[in-house]
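Novice: Need a 3D model of the following:
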Amino acid sequence: MSSSSEFLKIAGAIMLPNLGGFVNGQITRKHIDNWYRHLNFPSYRPPNWIFAPMWTSLYSGMGYASYLVWRDGGGFGGDAQLPLIAYGTQLALNWAWTPIFFGKQKMLAGLVDLLALTATSSLCGVLFFKINRVAGYIFIPYVAWLSFASLLNYSVYKLNCGDKDKKEIEAATLKKE
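Specialist: Predicted coordinates:
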């Protein structure tokens, strides 16, 4: 296999998650000034400028990790099949968070998505590790960031929980009883 062919596969794997990140960045920008900046935040919230480079590096890492697993695990028909399904699932959950949190302004639903994302990403990292150790290790900072993002989402929710969210919680609680 030629090195240029391999390079294109790596580049494609890295660009895929970043494409979703770019689209979500456009969604986020629309809501920063008219909604997000007016929320109450915990003291440990990083400055807004941190998020774009953080996500770009995490997306690039996870994309490269997916390439390693695809390459070493026999592609979609080999041992890599389940890990790549987990990868696609966590990527879909990742991309869903921005439209939920920023687009629909549903902080609680965003938190639920983040918790599912963190669990799925953790599983993905373990499955990747079984195929390629480096790919598994690449998921450690990603899962750590998702854990922090979950805490941040929870804190923002708690600091801004409005009557609408309280009613949604009460309605969901009554349905369970």
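Novice: for the chain, longest helix please?
Specialist: If each helix of the chain is counted by residues according to DSSP state H, the longest one is helix 3-32.
Novice: so how far is it from its chain's centroid?
Specialist: On the basis of Cα atoms, centre = their mean, to the nearest Å, the separation between the geometric centre of helix 3-32 and that of its chain is 13 Å.
Novice: now the angle from the helix or strand following that helix to helix 3-32?
Specialist: Beyond helix 3-32 on the C-terminal side, the first helix or strand identified by DSSP states H and E is helix 51-72. Angle of helix 51-72 versus helix 3-32, following axes from the mean of the first three to the mean of the last three Cα atoms, to 10 degrees, is 150 degrees.
Novice: List the buried residues for helix 51-72?
Specialist: Judged by neighbour count using 16 or more other Cβ atoms under 10 Å, the buried positions of helix 51-72 are 55, 58-72. (Each C-beta comes from the backbone N, C-alpha and C, glycine too.)
Novice: Also stretch 144-159?
Specialist: When neighbours are counted by 16+ other Cβ under 10 Å, the buried residues of stretch 144-159 are found to be 145, 146, 149, 150, 152, 153, 154, 155, 156, 157.
Novice: How about stretch 97-106?
Specialist: Using 16+ other Cβ under 10 Å as the test for burial, stretch 97-106 gives 97, 98, 99, 100, 101, 102, 103, 105, 106.
Novice: And those, which two are furthest apart?
Specialist: By the measure Cβ to Cβ, 97 and 105 form the most distant pair in the buried residues of stretch 97-106, at 12.6 Å.
Novice: Quick check: closest non-adjacent residue to residue 52.
Specialist: Nearest non-adjacent residue to residue 52, counting by Cβ to Cβ, 6 or more residues apart in numbering: residue 25, 6.6 Å away.
Novice: Residue ranges in the chain under the pLDDT threshold?
Specialist: Counting by pLDDT under 70, the chain contains low-confidence residues at 1-2, 162-177.
Novice: Try it again at 80.
Specialist: Regions of the chain meeting the criterion pLDDT under 80 cover residues 1-2, 24-25, 27-33, 162-177.
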